[in-house]
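# Structure, please.
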Amino acid sequence: MEYSIICAYTAQSNSSLTDSMRYVPHVVKYIEDGVKKEVILSAECPMDATDKVHARMRRKQKEGK
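Numbering: from 1, shown residues only. All right, here's what the predicted structure looks like:
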C-alpha cells in the first residue's frame, strides 16, 4: 500500500467557541493506492491531524503484511 498526504485544514472557521477548544475537526486529504480520499478527525492543529493519518496508514501497512 502506498499513500501520500495532500493537505490538512480545519473543517470549520474559527469562532469564539472553537478558539476555546483544544481539539477541533480537521480535514485531511490524501491519496491511497492511487485513490483520492479524505477523512475528518479531531486534532489540535493541521500538523496533528496529518500525524494522526500517518499513524493510521502505518498501522494499516503493518496489518497488510
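# In the protein, which helix is the longest?
Residue-count comparison of every helix in the chain, with assignments taken from DSSP state H, identifies helix 46-64 as the longest.
# Report all helices and strands that that helix contacts.
strand 3-10, strand 24-32, strand 35-43 (3 or more C-beta pairs under 8 Å, 6 or more residues apart in numbering; DSSP states H and E). In this view, the C-beta of every residue, glycine as well, is placed from N, C-alpha and C.
# I'd like the mean pLDDT over it, please.
If you average the pLDDT over helix 46-64, you get 95.
# again, but for stretch 9-26
pLDDT averaged over stretch 9-26 gives 93.
# now do the same end-to-end measure for that stretch.
Across stretch 9-26, the straight-line distance between its terminal residues is 5 Å, by C-alpha to C-alpha, to the nearest Å.
# And that stretch, what's buried?
Of the residues in stretch 9-26, Val24, His26 count as buried by neighbour count, 16 or more other C-beta atoms under 10 Å.
# Next: stretch 30-49.
If you call a residue buried by 16+ other C-beta under 10 Å, then stretch 30-49 has these buried ones: Tyr30, Leu41, Ala43, Ala49.
# now, which of those sits nearest Lys60?
Closest to Lys60 out of the buried residues of stretch 30-49 is Tyr30 (11.7 Å), distances taken as C-beta to C-beta.
# burial count for the residue nearest to the closest one when sequence neighbours are not counted?
By the measure of C-beta to C-beta, 6 or more residues apart in numbering, the closest residue to Tyr30 outside its immediate chain neighbours is Ile5, 4.8 Å from it. With neighbours defined by other C-beta atoms under 10 Å, the count for Ile5 comes to 15.
# So Ile5 sits against Val28, correct?
Yes. Checked against C-beta atoms under 8 Å, the pair Ile5 and Val28 is within contact range at 6.7 Å.
# Mutual contacts of these two, please.
When contacts are counted by C-beta atoms under 8 Å, 6 or more residues apart in numbering, the set common to Ile5 and Val28 consists of Thr50, Val53.
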